[in-house]
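> pasted the sequence and its predicted model underneath.
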Amino acid sequence: MAETGTQRFGEYLHVVKQHGTEMNNSNNKKHCSKTRRAGGLVLACAIAAPFVLTLAFLLADALFPLPLPGGDSRDFAVAVASADGAPLRVFPDEKGVWRYPVKPDQVSPLYLEALITYEDKHFYEHPGVNPFSLIRAFWTTVTQKGVVVGGSTLTMQVGRILDPHFKTIPGKCKQMFRALQLEWHFSKEEILTLYLNYAPFGGPVEGVQAASFTYLGKPAKELSHAEAALLAVLPQSPSRIRPDRHPDRARRARDKVLRRMVSQGVWPKQIAEEAMMEGVDAGFAPRPMMAPLLARRLKENARPDAPVQTFIDPALQEALEAMAERFIASTPDGTSAAILVMENASLEVKAYVGSADFLDSSRFGHVDMIRAVRSPGSTLKPYLYAFAMEEGLIHSQSLLVDAPFTFSGYRPGNFSDGFSGPVSAAQALQRSLNIPAVDLLDRIGPDFFDSRLRQGGLNLVFPPHGKPNLSMILGGVGADLESMVGAFSAFDRGGLAGKPRLTTEDPVRERRLMKPGAAFIIRDILSRQRRPGAPGGNPMAGWARSVAWKTGTSYGFRDSWSIGAYGGCTIGVWVGRPDGTPSPGFYGRATAAPLMFSAFDCLPRRDFAPQPMPASVSRAEIGWPLGVAPEGENDPLCAEKRTAWILDGVIPPTLPDRLDDQWTCNPITVMVNPDTGLRVDGDCPVSNAAAEKIALWPRAATPWLTPREKAMAAVPSMDPACGKAVSVTPSVIKIMDVQPDTVLRPAGASRAMPVLELSALGGRGRLFWMLDRILIGSAGVGESITYEFTRTGAHQLTVLDMAGNSDSVNIQVMSSS
């Protein structure tokens, strides 16, 4: 039984052991299964986690998008820049922030090196957040109980700039999220560009370009090592180390950057030490205010993401603004001035002074007189003479007459109220005589003149319902200084007028205004004038002697103009009152011309070769009064020889005399009795009559002719043998009460100079009285004037009517001794 029990216990133990083994095996199998499932779950989570995190990031990115710049509240300030990139004027955004747009390639490489090395040397490697930097920053903060090094990358700093936050753990997490968003949406170059434009630099200044101009007065492209280090560290604490207020703090911060550049092996030690020796000499430049009216004009169509790039020369602009302000200080209240300088070859505007003083409201400084439509006075005359040459009406020495005349009811006068008699076309243009100009315009046609100007790009402004008429050549239209400068440049550009270019985006626009030959001749005529204030009869001293220039004065002294071309530039000047009230005594030659020549004096002194003479231009000898080439050395029809510029080989004769409808050609041919020298006709019983040619002068020129000239042009009287004599040039006006060769003596105890009551019989229209060819007064038909002589000696007294009829007497005024 014992064996049986023992055996059974053994079997029991065996069964138990076997059961236990089976149980263990079963448990082991279950454990392994759980382990495998857990491993699979971990692996699945490891595989799914990036997708989940990415999905979560994308969802958060969609729900909390980056507050990117470009909205109304984050727009760039509108900056208008000069030719060298310096700001002329900056219009801040609605928050008053000055932010000057810039790209990395527009910034000094030294600054980029200092910025990347000091702030984030792994900028191009990390995904926006650098965990090693964060751990190092956390550890140093804990162990040293204060912030020693920062953990923010440049990308994180941009995130904080775009979406400011408090310096808390949630705030830091938000900053890291924004950094990841930036890296997700933008390239490293784009992120760097955001930093360069939006980093704070103290006060209203944001961006390295604005900071460089504000504190250092130069573009960020020109930064030195010391300056680059200073601006690299400034955004860390722009208020505490602002260089214009805290130069010592700024210097210590800058030197820290310089030492870092050496320790990182970026800059040589010697360069850094030299940079440390420099002081921090920074100011806070006031907001620039150069060419303010041009900037205001360009602001309207400017893009906020880039400066408006002009061609303005800052040094020239500053000099002309100061000059205009000094000039205007001596003028009456309400007076302003405008100056425009354009380079002829490129049509680039180098200086734009729209008013004399932008900030002076009493002088209407806010009104841009370069764009204002005003009466141009006589400044249109050069184009008229050029067109008349092209049409074969005149050459440079054509005989014109400056004498009273009425053109279909329009009776112009000269600025001086006097008359010059016979003048050449060149003299008439140089003296800006009105009557010859109106005469030419009447012959060429106002509509034709206006059409030619418009074809060349000069669009004149007429009054409502107005149309081209004779008064337009004397200023009876409107034009602006900008258009006038563009048109006048044609005389220095071979006849091509151009539209002034204000910005680099403006295309070159030019039109043919006149032939190259006509432009050359008119330019030569206009350049042979004496500069106002120049000594003697010498044209102009020094380099400016070849300036081709023209002045103009509007009716009532409301506008004074002067426009000139020389040295590859055209300069236009306007002086007057913007409100249109008169400025007595202000006229082009006395007011605007000196200012224009002072502007030319401000240009760089450059030597320019004379313009080559076009093949269509040549020199020719001509004779007055016919205006054509004389026949031989002693041509009896030539009273005076002159050398003229001619165009296309054509020598136009003197224009037909408006007053002489009796002769249809010039010279005239008459038959003369050789025995008596008198004129005969077919009814005369003279068998040996000979033909004789006579060159006639315009009748209106008669009072100014010399005795020789009168004798050469005299038509013989009719021979009595032919019957009733016929007067060829009937006299329709005669001086009364003063006989030829009258001798006048001082009268009375005071021995005062003689006084005459002058009157004439006959005449048409107004009568003009001249003493020695100088106007002394005028009166209506049947009226008289009183004249007191001021000089003794021989004089010629002349009366001239509106039809060109005249009468003259010689008188002698004796002295009182």
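All right, it came through fine. Numbering: from 1, shown residues only.
> poorly predicted segments of the stretch 601-750 of the chain, please.
Applying pLDDT under 70 to the stretch 601-750 of the chain flags the ranges 606-609, 661-664, 723-731, 747-750.
> all the helices of it, residue numbers only.
707-713 (DSSP state H, counting those that start in this stretch).
> now do the strands in it.
For the stretch 601-750 of the chain, strands defined by DSSP state E, counting those that start in this stretch occupy the ranges 617-624, 640-647, 668-672, 679-680, 690-694, 733-736, 742-744.
> what packs against the shortest one?
With contacts defined as 3 or more Cβ pairs under 8 Å, 6 or more residues apart in numbering; DSSP states H and E, the packing partners of strand 679-680 are strand 668-672. Any C-beta I mention is one placed from the backbone N, CA and C, and that applies to glycine too.
> now what about the strand it packs on, what contacts it?
Where contact means Cβ atoms under 8 Å, 6 or more residues apart in numbering, the residues beyond strand 668-672 that reach it are 678-681, 689-694, 696, 715-716.
> for stretch 298-318, same thing?
75-88, 91, 100-101, 290-291, 294-295, 341, 343, 346, 348-353, 501-505, 602-603.
> apply 7 Å and report the result again.
Stretch 298-318 is contacted from outside by 75-76, 78-84, 86, 88, 91, 100-101, 290-291, 294, 341, 348-352, 501-504, 602, using Cβ atoms under 7 Å, 6 or more residues apart in numbering.
> before we move on, back to that, what's the most buried one of the strands of the stretch 601-750 of the chain?
Among the strands of the stretch 601-750 of the chain, strand 679-680 has the highest mean neighbour count (mean count of other Cβ atoms under 10 Å), at a mean of 21.
> pull the distance from it to the chain's centre.
Taking the mean of its C-alpha atoms, strand 679-680 sits 66 Å from the chain's own mean (Cα atoms, centre = their mean, to the nearest Å).
> one more: stretch 683-697?
On Cα atoms, centre = their mean, the centre of stretch 683-697 falls 63 Å from the chain's centre.
> alpha carbons of that stretch, as CSV, please.
The C-alpha coordinates for stretch 683-697 follow below in CSV (Å, rounded to 0.1, in the frame of the first residue of the first chain):
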residue,chain,number,x,y,z
ASP,A,683,3.2,155.8,-124.1
CYS,A,684,6.3,157.9,-123.7
PRO,A,685,8.0,159.2,-126.8
VAL,A,686,11.4,157.9,-125.7
SER,A,687,13.1,155.6,-128.1
ASN,A,688,16.2,154.7,-126.1
ALA,A,689,14.6,153.7,-122.8
ALA,A,690,16.6,151.2,-120.8
ALA,A,691,15.5,148.6,-118.3
GLU,A,692,16.6,149.1,-114.8
LYS,A,693,16.2,146.7,-111.8
ILE,A,694,15.5,148.1,-108.3
ALA,A,695,15.5,146.1,-105.1
LEU,A,696,12.8,147.3,-102.8
TRP,A,697,12.9,147.3,-99.0
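> whichever strand or helix holds residue 560: partners in the sheet, and parallel or antiparallel?
Assigned by DSSP states H and E, residue 560 falls within strand 559-566. Strand 559-566 sits in its sheet next to strand 548-553 (antiparallel), strand 569-576 (antiparallel), going by DSSP bridges.
> for the ones you listed, give me CSV that also has mean neighbour count and distance to residue 119.
Listed next are the strands paired with strand 559-566 as CSV, based on neighbours: other Cβ atoms under 10 Å; distance: least, Cβ to Cβ, whole Å:
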stretch, mean neighbour count, distance to residue 119
strand 548-553, 27, 58
strand 569-576, 29, 47
